[in-house]
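Colleague: sharing a model that was predicted from the sequence below.
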Amino acid sequence: MPNDHGPVVQSALLRNELVRLRKVAGLTQEQVAADREWSPSKLIRVEGGRSSITRTDLEALLGGMGQVTYESRREQLQTLNRDQTMNVCEHSRGDVQEDVMTGCE
């Protein structure tokens, strides 16, 4: 999966892949949310791009998707998530040197 795109594209690629994996597994949003003890609205926000995907959330989502059994695929998705987060932090900072954004170090 290419990671040379901007943060918006990387986020969309990651979210599209998570939705695809859920559908291939034959799972509804309600089933996935219940399995992770999340509210359905949390999963809807994550899949729809209205909520950020934390490393913990990504692991929880991938852990329940039977199709993601190969470690390399899991690593690709984790890298895509990390890269889009880093790019958002770098892009948002601009000339400002403050590290006040959530998720930015």
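Modeller: Noted; the coordinates are in hand. Numbering: from 1, shown residues only.
Colleague: going forward, measure contacts and count neighbours with C-alpha atoms only.
Modeller: Fine.
Colleague: I'd like the average pLDDT over stretch 81-92.
Modeller: Taken as a whole, stretch 81-92 has an average pLDDT of 58.
Colleague: ditto for stretch 13-29
Modeller: Taken as a whole, stretch 13-29 carries a mean pLDDT of 90.
Colleague: also stretch 49-63?
Modeller: Mean predicted confidence for stretch 49-63 is 88.
Colleague: show residues contacting it.
Modeller: 11-12, 15, 18, 32, 36, 42, 45-46, 68, 74, 78, 81 (C-alpha atoms under 8 Å, 6 or more residues apart in numbering).
Colleague: how about that stretch: buried residues?
Modeller: Residues of stretch 49-63 classed as buried by neighbour count (16 or more other C-alpha atoms under 10 Å): 49, 52-53, 58, 61-62.
Colleague: how much space separates A34 from P7?
Modeller: Separation of A34 from P7 (C-alpha to C-alpha, to the nearest Å) stands at 29 Å.
Colleague: could I get the buried residue list for the helix or strand hosting L18?
Modeller: Per DSSP states H and E: L18 is located in helix 7-24. Judged by neighbour count (16+ other C-alpha under 10 Å), helix 7-24 contains these buried residues: 7, 10-11, 13-15, 18-19, 21-22.
Colleague: and those residues as a markdown table, adding distance to T28?
Modeller: Output for the buried residues of helix 7-24, formatted as a markdown table (distance: C-alpha to C-alpha, whole Å):
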| residue | distance to T28 |
| --- | --- |
| P7 | 27 |
| Q10 | 24 |
| S11 | 21 |
| L13 | 20 |
| L14 | 18 |
| R15 | 15 |
| L18 | 12 |
| V19 | 10 |
| L21 | 11 |
| R22 | 7 |
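Colleague: quick revisit: need the buried residues of stretch 49-63 in a markdown table (columns: secondary structure and distance to T28).
Modeller: Output for the buried residues of stretch 49-63, formatted as a markdown table (DSSP: H, G, I helix; E, B strand; the rest coil; distance: C-alpha to C-alpha, whole Å):
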| residue | secondary structure | distance to T28 |
| --- | --- | --- |
| G49 | coil | 17 |
| S52 | coil | 20 |
| I53 | coil | 19 |
| L58 | helix | 17 |
| L61 | helix | 13 |
| L62 | helix | 15 |
